[in-house]
Each structure stands twice: as structure tokens, then as C-alpha cells.
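Trainee: I'll drop the sequence and a predicted model, then ask my questions.
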Amino acid sequence: MTDKIQNFLAIFTGGAGNPRRVAWQALPEAEQQKRMRDGIAAWKGWAQANQESIVEMGGPLGKTKKVSKAGIEDISNLMGGYTVVRAASHEEAAALFTNHPHFTIFPGEGVEVMPVLPIPAG
């Protein structure tokens, strides 16, 4: 990548079978709620600290429908949310998510960061 500012899509991942998710769900409700409040506060802090890089805050993702030649079907995947950021390089974009609350407080597995490429000219 060059040092040209571009958009990057960040996908927050986490599956139901993730051991951290299983441990979270085994917590008493009061502890889950406390961690939820702490996590949301930390996420807002992350957004405030990185506001100049955030193009679209995004949000949580719901259930997935796959559309193909075979038709429409319900599927599951590891995508739990998304954010769009701007950065000068792929590495710089990825670094924005180092120690993100998604996986340091919440039971998320990780954040996958990829460049949004231009549509090829035809």
C-alpha cells in the first residue's frame, strides 16, 4: 500500500462457540451487565480517541441471509459488527484496533481490517 489515505472496512468477529463467549454467558447476569457498561464506555472512549479516522461508526450486525444462484438461505458466520476508518496504510488502519474493547472487555474474537478497493474501470 502507498501512503495515500483510503477507507478500510473493519469487521468485528466472534462466534457462539468461542470459549470467551461461553465464559461470558456463564457469568451471573449482574456481572454481564457490569462488563457491558464498562465495555460500552471503553468503546465510546475508543471512538472519541479515533474520531478523526472514523468514516462510519457502523454497528452490530444481525442474522445473515445468503443470496446466490441457488436462492436465498439463512446462514451463520463470525461477523458481528463493522466500522469504516480512513488511514494512510493497511498497517495504520489495523493499528487503530490494537487492544480494542471488542476483544479486551467483550468476548469478541478479533477485528479483521481490509482496504476498500476502487471499482475497476471497465
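Mentor: Cool, got the structure.
Trainee: Please name the nearest non-neighbouring residue to Phe8.
Mentor: Nearest residue to Phe8 in three dimensions, chain neighbours excluded: Ala93, at 3.8 Å (CB to CB, 6 or more residues apart in numbering). Glycine gets a C-beta too; all of them are placed from N, C-alpha and C.
Trainee: Can I take it that that neighbour is in a helix?
Mentor: Yes - going by DSSP: H, G, I helix; E, B strand; the rest coil, the assignment for Ala93 places it inside a helix.
Trainee: which residues sit in contact with it?
Mentor: The contact partners of Ala93, taken as CB atoms under 8 Å, 6 or more residues apart in numbering, are Phe8, Ala10, Ser53, Val85, Ala87, Val113, Pro115.
Trainee: Pretty sure the fifth one sits against Ile5.
Mentor: Yes - Ala87 is within contact range of Ile5, at 7.0 Å (criterion: CB atoms under 8 Å).
Trainee: neighbour-wise, which of these two wins?
Mentor: Ala87 (21 against 11; other CB atoms under 10 Å).
Trainee: Pull up the gap between the residue nearest to Phe8 and Gln25, please.
Mentor: With the distance defined as CB to CB, to the nearest Å, Ala93 ends up 31 Å from Gln25.
Trainee: Kindly report the same for Gly81.
Mentor: 18 Å.
Trainee: Next: Asn50.
Mentor: 29 Å.
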